[in-house]
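Colleague: Let me see the structure of the following:
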Amino acid sequence: MLRSHRHKGSLPCLLGAAMAVLLAPGASAVDSSENAALRYWRAWALVTPELETAASEAMRTWDTDAKWAAKLTPQLRGELESDGILMKTILRATAFRECDFAPDVQDGFDAVIPHLGSMRMTARLLVIDARLAMEAGDDSQAADRLAACYRLAQHTGQDMVFISSLVSIAIFQLVDEQAAYMAEHDLLDTRGKAVLRDALSTFDENDPIGMLDGLEGERRTTLAWVRDNLPSEDTEATCKFLADYGASEAQPTEWAAFIEAMKTDEGIARAVEGLERYYDDILALWPTDDADVRIKELSSRVTNGEYGDLARWLAPFLPRAHVQWTESRQALIEAQRRVR
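Modeller: This next block holds a predicted model:
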């Protein structure tokens, strides 16, 4: 249920607020000397909006334009080919095992998670640099950049926030496509395979992108936030709360009955219990062999109101996410097979 708010403006504008959160007492479970997140923020302080835009444009054109490399902006090419402080800082961040951005999950649906967009941008820089290295014949450097990007994908899924795992999947797919290309075209020598094998060995084979942890984290923080913030007695405030976070007045009779129930602490407790039961059932189904089918069935039961109206309006729809989780496990197995 937590949402990734894409940052507006340049990345350095985020640095002050982000560092304040990361350095607050008790904000991070990882010692600052071992936390990759702090190094990523340092790298992003060096990224201009122009550089970020150039990286996005390069990613959009390289599969359809044979001369994409010639069209890279001088700034982007210069940053990558010089192997300057930006790339060194990114690589330094990816070398750490632990990464904790300490998102303010206690803010529930209002939590701001700006680092997710920045992680995707950083992944683009790494794979662009890898592709430039391949085209220049430097397969060793290409493998190094892809290994770093695999580690970045793993870092992205360490938040225990569900949306972070979805971004982790997207980054893994981005780098994995380039690694597969290198393997298919015999561009990975013994060293290159070892570098990628080492990066892939740190993933949890059961939950490569942290989706189960993210779902459990969302269950805990969403339930706590709803209990703390859903107003009772004040009908207008209750209607606004629900409308702000996804509920709909499209069915007036059912909406009116729900609002009436939400006027009492007992009604709120019953609605929250249904939402909690939904999360518990999803987590119990997730690792089972026939989970794809059963999660679809459960989602239909949510729509039909079996878990109460709060779950009906606010529970995340997860069948597609489970398919992605299954695919991520298979993708890790295939990636590891390529580099044996």
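
Colleague: close enough to count as contact, residue 188 and residue 180?
Modeller: No. Counting by Cβ atoms under 8 Å, residue 188 stays clear of residue 180, with 10.3 Å between them. C-beta coordinates here come from the backbone N, C-alpha and C atoms, glycine included.

Colleague: who's more crowded, the two?
Modeller: Taking neighbours as other Cβ atoms under 10 Å, residue 188 and residue 180 compare with residue 188 leading, 23 against 14.

Colleague: residues contacting the more buried one?
Modeller: 139, 143, 182, 196, 338, 339 (Cβ atoms under 8 Å, 6 or more residues apart in numbering).

Colleague: ranges for the strands of this protein?
Modeller: With DSSP state E as the criterion, the chain has no strands.

Colleague: Now do the domain split for it, please.
Modeller: 12-209, 230-318 (automatic domain parsing).

Colleague: one step back: I'd like to know which of the contacts of residue 188 is nearest to residue 35.
Modeller: Closest approach between the contacts of residue 188 and residue 35, by Cβ to Cβ: residue 196, at 24.3 Å.

Colleague: Now residue 205: closest residue in space, sequence neighbours ignored.
Modeller: Distance criterion Cβ to Cβ, 6 or more residues apart in numbering; nearest residue to residue 205, sequence neighbours excluded, is residue 332 at 6.2 Å.

Colleague: Kindly tell me how buried residue 270 is, as a neighbour count.
Modeller: 15.

Colleague: let me fix that: residue 33
Modeller: Around residue 33 there are 7 residues (other Cβ under 10 Å).

Colleague: do the same with residue 164
Modeller: Residue 164: 28 neighbours (other Cβ under 10 Å).

Colleague: Pull up the gap between it and residue 144, please.
Modeller: From residue 164 across to residue 144, the span is 25 Å (Cβ to Cβ, to the nearest Å).

Colleague: now do residue 289
Modeller: Distance, residue 289 to residue 144, by Cβ to Cβ: 39 Å.

Colleague: do the same with residue 269
Modeller: Applying Cβ to Cβ, the value for residue 269 to residue 144 is 54 Å.

Colleague: out of the two, which sits in the busier spot?
Modeller: Set residue 269 next to residue 144 and count neighbours by other Cβ under 10 Å: residue 144 wins out with 22 against 11.

Colleague: Please list all residues in contact with that one.
Modeller: Per Cβ under 8 Å, 6+ apart, neighbours of residue 144: 91, 195.

Colleague: Then residue 285?
Modeller: So residue 285 contacts 291, 294, 295, 298 (Cβ under 8 Å, 6+ apart).

Colleague: Tell me how many other residues crowd the third one.
Modeller: Other residues near residue 295 come to 22 when the count uses other Cβ under 10 Å.

Colleague: And the pLDDT for it?
Modeller: The per-residue pLDDT reported for residue 295 equals 95.

Colleague: How about the last one?
Modeller: Reading off the per-residue confidence, residue 298 sits at a pLDDT of 95.

Colleague: Correct me if wrong: it contacts residue 281.
Modeller: Yes. Between residue 298 and residue 281 there is a contact under Cβ under 8 Å: 6.0 Å.

Colleague: More neighbours: which of those two?
Modeller: For residue 298 versus residue 281, neighbours defined as other Cβ under 10 Å are more numerous around residue 298 (21 against 17).

Colleague: what residues are up against that one?
Modeller: 278, 281, 282, 285.

Colleague: try residue 150
Modeller: 172, 175, 176, 179, 196, 199, 200, 203, 335.

Colleague: make it 10 Å
Modeller: 94, 123, 126, 171-172, 175-176, 179, 195-196, 198-200, 202-203, 332, 335 (Cβ atoms under 10 Å, 6 or more residues apart in numbering).

Colleague: Mutual contacts of residue 298 and residue 281, please.
Modeller: In the contact map built from Cβ under 10 Å, 6+ apart, the residues linked to both residue 298 and residue 281 are 306, 307.

Colleague: Excluding sequence neighbours, find me the nearest residue to residue 108.
Modeller: Leaving aside its sequence neighbours, residue 108 sits nearest to residue 225 (Cβ to Cβ, 6+ apart; 2.9 Å).

Colleague: And the pLDDT at that neighbour?
Modeller: 85.

Colleague: per-residue confidence for residue 216?
Modeller: On the pLDDT scale, residue 216 gets 93.

Colleague: For it, give me its contacts.
Modeller: Per Cβ under 10 Å, 6+ apart, neighbours of residue 216: 160, 162, 279, 283, 286.

Colleague: Please indicate which of those residues are buried?
Modeller: By neighbour count, with 16 or more other Cβ atoms under 10 Å, the contacts of residue 216 hold 160, 162, 279, 286 as buried.

Colleague: What about the residues you listed, which are in helices?
Modeller: Among the buried ones among the contacts of residue 216, DSSP state H puts 162, 279 in helices.
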